[in-house]
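Engineer: what's the 3D shape of this:
(one chain, ligands or ions: 1)
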Amino acid sequence: MIPRSDAIATLGSDSFDLAVVGGGITGAGVALDAASRGYSVALVERDDFAAGTSSRSSKLVHGGLRYLQNFDLGLVREALLERSLLVELAPHLVKPLPLLVPSLGGKRPDRLTGVGLNMYDAMSWRRGRDDEEWSPARHRTIDGAETVEMVPALAGRDPSAAYLFYDCQTDDSRLVLTVLGEAERFGAVCANGCEVTGLVERGGRAAGLLVRDTVAGGEFEVRAANVVNATGVWADRLRPDEIYAEEEVPRIRPSRGTHLTFAREALDVKAGVIVPAGGGRTVFVLPWLGRTLVGTTDNDYEGPLEHVPPGREDVAYLLEAVNGFFGTELVASDLTGAYAGVRPLISTGDPKKSVDISRKAELYETSSGLVTITGGKLTTWRRMAKLAVDRIVEREGREAACRTQEIPLGQPVEPDALPKVPSVDAEGRVHLAARYGHAAQFVLRLAEAAPELGRRISPALPDILAEAAFAAAHEQARTVGDVLLRRTRLGLLDAHALTAPRAQGPPAVARAMAAQLGWDDARVAREVADWRALAHVEGLVVPEAAATGAAA
Ligand SMILES: Cc1cc2nc3c(=O)[nH]c(=O)nc-3n(C[C@H](O)[C@H](O)[C@H](O)COP(=O)(O)OP(=O)(O)OC[C@H]3O[C@@H](n4cnc5c(N)ncnc54)[C@H](O)[C@@H]3O)c2cc1C
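Structural biologist: Predicted coordinates:
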């Protein structure tokens, strides 16, 4: 990406066809869609790209088996089609994942689940698809031995069988950064640390944005003929008077979802597992980036949205579900990390619980011409973006069809095709290829020029310091938290170690960034202290006393 200072200079001086507020997956998608249709596009993000819900998901690109229970057939079908398209457009970032629904204690596989999986298979089929396209194998039943092979953590539970089916998995914040990178290739200008405080109006119509630079201070205007509000769970804060003066606009109801991470040795899964949990719900136990990811909960949330820590009861609920199913005795001190996010659910006024509300996207245009797009899922970002940009194209009477179904997202690469750099081992190259695709070569070049950047940030995981340098130089990372939470995912996967009193990782990351950003020693120390404070308010480390959840 272009340096933030250059982006801000351009944002303040040029006029744009479209200004997008919000740098989560929806805003990034709108920027790519519009830019690739020939629009000049500005995108501003208040915090960091993907700092909202788009870095806090379950990382699944999926139809959502459980939405079938609600008969949200259209939603499931749409998401399944997007799933196969995304595997094709970003094969290094969106990967098929086997998932199991195991039966324990001599039980036979549940018939109703089988019926649901039959529907899931049928709905993922696409007419006219070519042979190259990814399409999951049909679901099947596997025996207990194969189940244990795929989920060693079930060895002591004597599983009798399991349903095996496929969905896909990604790294959500890397997906956002990749989509933004593509938008930039089509000319979009994107900057983080830019909070929109209001709209510029001309004759009662939105004609741009009032922006506060949260890094350098000061305000500036972005002139734009159209404005899209893609601020997710914050969508009704941009123009509350305008939005709520118009009756049909529904209220956004935040719902919190908590996730936990564990070392693979503590809970060894090679495939995803669907685990029954309290209240008739299920949770996912997923292999992700060398750890095991457990989530999620889904409860109405009324706290502040700026930093959403994992709920204590949510942690206890997840531990109880895992311990009950795997026969483990995992406690809070076994966690390597935890995080929470809020869904931008749309309240229909129905007092049903949020878990029952459809994940459909909502688009509405209010009197200033502001187009708001919210709700939806990570999986369906492309459709949401299309919906928003179609609306603008239509009202402007332009001829400009959506093209994002054919725009590759990054460029996959074989690890062996990457330059060999002595300070980076084979595991590191595989890891870099999966995260950056072809662009991994630029990270490796940094490690070649300064071999100390080939060192790992956390000994247990393959992320290297050159990624911090790359993020500061080319991905607008401004803080240690940006690097640990969203450029790499170590803040979620190894929070315990990275917040320990003498942890080496955070100062090493700060020094790698310092070389790019011109920080002195005092600034390095301040950035490390800020990381600790952030980890605390985000609740990345769950206090030991917070939850036990030992097997009943
Ligand atoms: C716990 C959980 C699990 C989930 N799991 C999945 C899953 O596995 N698969 C799936 O498909 N979906 C999943 N989802 C849903 C998915 O994550 C969200 O639908 C999606 O990330 C929303 O993206 P967004 O861009 O609309 O919102 P966000 O990512 O929240 O982006 C909005 C952005 O707007 C910025 N912003 C706000 N106000 C301003 C302002 N005034 N000026 C400038 N910027 C501003 C924010 O900082 C934020 O970055 C999950 C959601 C949750 C909460």
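
Engineer: phi and psi next, for the closest residue to the ligand within the stretch 101-250 of the chain.
Structural biologist: Nearest residue of the stretch 101-250 of the chain to the ligand (Cβ to the nearest ligand atom) works out as Gly232 at 2.5 Å. Quick note: C-beta positions are derived from backbone N, CA and C, even for glycine. Gly232 adopts backbone torsions of phi 60, psi -120, taken as degrees, to the nearest 10.

Engineer: contact partners for it?
Structural biologist: By Cβ atoms under 8 Å, 6 or more residues apart in numbering, the contact set of Gly232 is Gly22, Gly24, Thr26, Gly52, Thr53, Ser54, Pro344, Thr374.

Engineer: and the residues you listed, which two are furthest apart?
Structural biologist: Ser54 and Thr374 (12.3 Å; Cβ to Cβ).

Engineer: common neighbours of those two, please.
Structural biologist: With Cβ under 8 Å, 6+ apart as the test, Ser54 and Thr374 both reach Thr26, Gly232.

Engineer: coming back round to it: in helices only, show me the contacts of Gly232.
Structural biologist: When those are checked against helices (DSSP state H), the matches are Thr26.

Engineer: so which of the contacts of Gly232 reach the ligand?
Structural biologist: Gly22, Gly24, Thr26, Gly52, Thr53, Ser54, Thr374 (Cβ under 6 Å from any ligand atom).

Engineer: tell me which of those residues is nearest to Gln69?
Structural biologist: So of these, ranked by how close each gets to Gln69 (Cβ to Cβ), first place is Thr53, at 22.9 Å.

Engineer: how is this protein partitioned into domains?
Structural biologist: 4-54+173-250+355-406, 95-170+254-346, 415-538 (automatic domain parsing).

Engineer: mind putting these into JSON lines with mean pLDDT?
Structural biologist: What follows is the domains of the chain, written out as JSON lines (pLDDT from 0 to 100):
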{"stretch": "domain 4-54+173-250+355-406", "mean pLDDT": "94"}
{"stretch": "domain 95-170+254-346", "mean pLDDT": "93"}
{"stretch": "domain 415-538", "mean pLDDT": "97"}
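
Engineer: switch those over to CSV; also include distance to Glu88.
Structural biologist: Listed next are these as CSV, based on distance: least, Cβ to Cβ, whole Å:
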stretch, distance to Glu88
domain 4-54+173-250+355-406, 9
domain 95-170+254-346, 6
domain 415-538, 14
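
Engineer: up against the ligand, what does this structure have?
Structural biologist: So far as Cβ under 6 Å from any ligand atom goes, the chain lies against the ligand at 21-27, 44-47, 51-54, 56-60, 195-196, 230-234, 238, 257, 296, 341-343, 374, 376-379.

Engineer: among these, which ones are in strands?
Structural biologist: Secondary structure assignment by DSSP state E places Val21, Val44, Leu60, Glu195, Val196, Gly257, Gly341, Val342, Arg343, Thr374 of the residues of the chain next to the ligand in strands.

Engineer: between those, which is closest to Gly278?
Structural biologist: Nearest member of those to Gly278, counting by Cβ to Cβ, is Gly257, at 15.2 Å.

Engineer: most surrounded residue in the contacts of Gly232?
Structural biologist: The most neighbours of any of these, using other Cβ atoms under 10 Å, belong to Thr26, which has 33 neighbours.

Engineer: surely that residue touches Lys386?
Structural biologist: No: taking contacts as Cβ atoms under 8 Å, Thr26 lies outside contact range of Lys386: 11.3 Å.

Engineer: how much space separates the closest residue to Arg359 other than its chain neighbours from Asn70?
Structural biologist: Counting by Cβ to Cβ, 6 or more residues apart in numbering, Arg359 lies nearest to Lys377, which is 5.2 Å off, once chain neighbours are set aside. The gap separating Lys377 from Asn70 is 14 Å, by Cβ to Cβ, to the nearest Å.
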